[in-house]
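Student: Need a 3D model of the sequence below.
(one chain, ligands or ions: 1)
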Amino acid sequence: MGLDRRDFLRMSALGAGAMAAPGLLTSCTSPPAYAPTSTFAQGVASGFHSDTEVVLWTRVEPLVAPSVNSCDWQVSTSPSMSPVVASGTEVVEAASDHTVKVLVGGLEPGRSYWYRFEAGGVRSTVGRASTLPEPDAELESLRLAYASCQCYGTGYYPAWRDVAARDLDGVVFLGDFIYEAGAIQLLRPVRSEPVAECVTIEDYRTKYRLYRSDPDIQAAQAAHPWAVVWDDHELHNDWNRTDITLNPVRFAAATQAWFEHQPVMPVDGTRIFRSLRFGRLAELHLLDERQYRDPPVDTLLGVTFLTPELARSDRTILGAEQLSWLLGGLAASNDAGVRHQLLGNPVLIGAVRLLDLDTPELRALDPSLLRHAGLYLNSDAWDGFPAERERLISHLVSERIGGVTILTGDIHSFWAGPIRADFEDSSSPAVAYEYAGGAIASPPGDQQSALAASLQPAWDLVDASRNGYGIVECTPEDVTVSFLGVDARYRGSPVTQFATFPRPI
Ligand SMILES: [Fe+2]
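Tutor: Sure, this is the predicted structure:
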């Protein structure tokens, strides 16, 4: 078990980061990490699905209700749960970790519904679900929170409490819903979480049960419909497609637990990339940047010079099928008059280059110098797949796809900046803007901010001093991304909106 690249950046390239004493992680006097007291110990959740369907989710805790083997559900047009417009009963069984997932159809497009479950004579809280608008609906606005990286042991969830209280159309979660291993907890022990690395399906299930035992995430998932994708820690640190063949049993365990515990209906094996269309206002393209990606080449925890091998034109992060789907989907949506193209993008697309070696002076000395040569700090992200990034950018240019806003997770800090047609040229037009929205509770890399002035290309903002999340608000004329900061060491942390990026489209 090793530290991951974010930890490495924190402690080496970016300065001295103090390691917390491992003894603080767990002790025999720590309260048990998971001690359920209610039937619906993980609360309720809903997921976007289509313009006539929603996904409802809960789990019936067998430690509290051991004899319950079925669960009723109801859907209403009112938060009072009257009238009930749809209802049913689902089996509760150990084979799916006592989770309950329902695809409810026959609903009206573009509206909210309320739902609850009942099992063993106990009712759940009431949650809100939403159908998507019809594809050609004209919307005045769309407001989504987006977030990632919620290591339970390293922080509380004041960010989720804030999300729960806001007027939002939904929540986009970009990965690292759980952390399968304990190394990250060394960086900031805040509350008790097991440190053993997950391998079996039961290991992974225990993580989802624990993380969702928190009342603040339960409030956020009851308040809004969610759209969820995974990143690496839902399986293990920095994984790629070769991990599936190297350890198919572990991959199957992690993905089964994910589908059991997320309000997402599997539609094609383990495929999770998909798009959600919000009328003619916006389309959200949700990406899987793990299961099809090529393995890394010659890097030290993600830090690498650009090499011919790294620059190979056939290196892929999305895989051929997903790349084709994304490029085609962006063009089709843009051609259909959809104003905003949102990417739900787990890992940074923009370059994090500390040393720019693609200069006129060096090129004069060496005409064969690689385009975009330099020292990159984060090649587990799109910096490790530069040819595919160029292909995406050139597609946006050639197809004249406008209104592209990239919502990003993974990096445990807030980043904002333009994606230019040619990032060697700061006067080159921006074809998209990227906004990494911090981490819900995973420790931020305090010293990353100090690097911002040295990076080429430049970013508009790098802030690694806090936890938090982002909100994106689209209207027919503009898009505004806001960054919300918290101190996740404290459950009662206040929330500060510390940066706002309005942009006409
Ligand atoms: Fe993370």
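
Student: pLDDT score for the closest residue to residue 191 other than its chain neighbours?
Tutor: Nearest in space to residue 191, with sequence neighbours left out and distances taken as C-beta to C-beta, 6 or more residues apart in numbering, is residue 153 at 6.0 Å. For the C-beta atoms, the positions are set from N, CA and C on the backbone; glycine is no exception. Looking at residue 153, its pLDDT stands at 97.

Student: For residue 153, which three-state class applies?
Tutor: Following DSSP: H, G, I helix; E, B strand; the rest coil, residue 153 is assigned to coil.

Student: Return the distance of it relative to residue 214.
Tutor: Using C-beta to C-beta, to the nearest Å, residue 153 is found at 12 Å from residue 214.

Student: higher neighbour count, these two?
Tutor: Neighbours were counted for residue 153 and for residue 214 using other C-beta atoms under 10 Å; residue 153 has more, 26 against 21.

Student: Now do the same contact list for that one.
Tutor: Contact partners of residue 153, counting by C-beta atoms under 8 Å, 6 or more residues apart in numbering, are 25, 179, 182, 184-185, 189-193, 195.

Student: And for residue 232?
Tutor: Listed by C-beta under 8 Å, 6+ apart, the contact set of residue 232 reads 175-176, 238-239, 290, 380, 410.

Student: repeat that for 6 Å
Tutor: Counting by C-beta atoms under 6 Å, 6 or more residues apart in numbering, residue 232 touches 238-239, 290.

Student: what stretches of the protein score poorly on pLDDT?
Tutor: Residues of the chain meeting the criterion pLDDT under 70: 1-31, 446-447.

Student: what do you get if the cut-off is 50, keeping everything else the same?
Tutor: For the chain, the stretches with pLDDT under 50 are 1-3, 5, 7-29.

Student: residues from it in reach of the ion?
Tutor: For the chain, the residues in contact with the ion (C-beta under 5 Å from the ion) are 149, 176, 442.

Student: Now with 8 Å, please.
Tutor: Within the chain, the positions adjacent to the ion are 4, 6, 148-149, 151, 175-176, 179, 184, 231-233, 409-412, 439, 442 by C-beta under 8 Å from the ion.

Student: Spell out the residue ranges of the helices in the stretch 51-200 of the chain.
Tutor: Per DSSP state H, counting those that start in this stretch, the stretch 51-200 of the chain carries helices over the ranges 158-165.

Student: do the same with the chain
Tutor: Using DSSP state H, the helices of the chain run over residues 5-11, 158-165, 201-211, 215-223, 242-246, 248-261, 320-335, 360-365, 386-398, 448-451.

Student: Mean neighbour count for those helices - can I get that in CSV?
Tutor: Output for those, formatted as CSV (neighbours: other C-beta atoms under 10 Å):
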stretch, mean neighbour count
helix 5-11, 23
helix 158-165, 23
helix 201-211, 20
helix 215-223, 21
helix 242-246, 13
helix 248-261, 19
helix 320-335, 16
helix 360-365, 10
helix 386-398, 17
helix 448-451, 18
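
Student: Go through those helices and name the closest to residue 434.
Tutor: Of all the helices of the chain, helix 386-398 sits nearest to residue 434, with 11.2 Å by C-beta to C-beta.

Student: from the contacts of residue 232, which would you call buried?
Tutor: Listed as buried from the contacts of residue 232 are 238-239, 290; burial here means 16 or more other C-beta atoms under 10 Å.

Student: Now the residue most central in space within the chain. Its backbone dihedrals?
Tutor: In the chain, the C-alpha nearest the mean C-alpha coordinate belongs to residue 174, at 0.8 Å (C-alpha atoms, centre = their mean). Here is the backbone geometry of residue 174 (degrees, to the nearest 10): phi -110, psi 20.

Student: which ones are touching it?
Tutor: Residue 174 neighbours (C-beta under 6 Å, 6+ apart): 148, 344, 346, 409.

Student: ok, and the closest non-adjacent residue to it?
Tutor: Sequence neighbours aside, residue 409 is the residue nearest to residue 174 in space, at 3.3 Å (criterion: C-beta to C-beta, 6+ apart).

Student: OK, contacts around that neighbour?
Tutor: Contact partners of residue 409, counting by C-beta under 6 Å, 6+ apart, are 148, 174-175, 346.

Student: what does residue 236 give?
Tutor: Counted by C-beta under 6 Å, 6+ apart, residue 236 has contacts residue 180.

Student: For the ion, see how far away it is.
Tutor: Taking C-beta to the ion, to the nearest Å as the measure, residue 236 and the ion are separated by 12 Å.

Student: Can you report phi and psi for that residue?
Tutor: phi -160, psi 170.

Student: Against residue 315, how distant is it?
Tutor: According to C-beta to C-beta, residue 236 stands 21 Å off from residue 315.

Student: Equivalent analysis for residue 215, please.
Tutor: As judged by C-beta to C-beta, residue 215 and residue 315 stand 43 Å apart.

Student: Please compute how far stretch 55-74 lies from its chain's middle.
Tutor: Stretch 55-74 sits 27 Å away from the centroid of its parent chain (C-alpha atoms, centre = their mean, to the nearest Å).

Student: before we move on, what about stretch 68-83?
Tutor: Distance of stretch 68-83 from its chain centroid, counting by C-alpha atoms, centre = their mean, is 29 Å.

Student: do the same with stretch 164-176
Tutor: Offset of stretch 164-176 from its chain centre (C-alpha atoms, centre = their mean): 10 Å.

Student: what's the first-to-last distance across it?
Tutor: 20 Å (C-alpha to C-alpha, to the nearest Å).

Student: go on, stretch 238-251?
Tutor: Terminal residues of stretch 238-251 lie 13 Å apart, using C-alpha to C-alpha.

Student: Please apply the same query to stretch 80-88.
Tutor: End-to-end span of stretch 80-88 (C-alpha to C-alpha): 18 Å.

Student: Can you tell me what sits against it?
Tutor: Residues from elsewhere that reach stretch 80-88, judged by C-beta under 6 Å, 6+ apart: 73-77, 104.

Student: and what of stretch 35-54?
Tutor: Stretch 35-54 is contacted from outside by 55-59, 61, 63-65, 103-105, 107, 109, 119, 122, 124, 127, 129, 131-132, 134, 212, 218, 221-222, 225-227, 263-264, 276, using C-beta under 6 Å, 6+ apart.

Student: Among the residues you listed, name the buried ones.
Tutor: The buried subset of the contacts of stretch 35-54 (16+ other C-beta under 10 Å) comprises 55-59, 61, 65, 104, 107, 119, 124, 127, 129, 131-132, 212, 218, 221-222, 225-227, 263-264, 276.

Student: In strands, which of those residues appear?
Tutor: Among the buried ones among the contacts of stretch 35-54, DSSP state E puts 55-59, 104, 119, 127, 129, 226-227, 276 in strands.

Student: So for stretch 157-175, first residue to last residue, what's the gap.
Tutor: From its first residue to its last, stretch 157-175 covers 16 Å (C-alpha to C-alpha).

Student: Residue 319 reaches residue 293, doesn't it?
Tutor: No: the pair residue 319 / residue 293 is not scored as a contact, 7.1 Å apart, by C-beta atoms under 6 Å.

Student: Those two: which has the busier surroundings?
Tutor: In terms of neighbours (other C-beta under 10 Å), residue 293 is the more surrounded of residue 319 and residue 293; the figures are 24 against 18.

Student: For the more buried one, give me phi and psi.
Tutor: The phi/psi pair for residue 293 (degrees, to the nearest 10) reads phi -80, psi 150.

Student: Hmm, it is touching residue 315, no?
Tutor: No: using C-beta under 6 Å, residue 293 is not in contact with residue 315, being 8.8 Å away.

Student: Show me what residue of the stretch 351-500 of the chain gets nearest to the ion.
Tutor: residue 442 (4.8 Å; C-beta to the ion).
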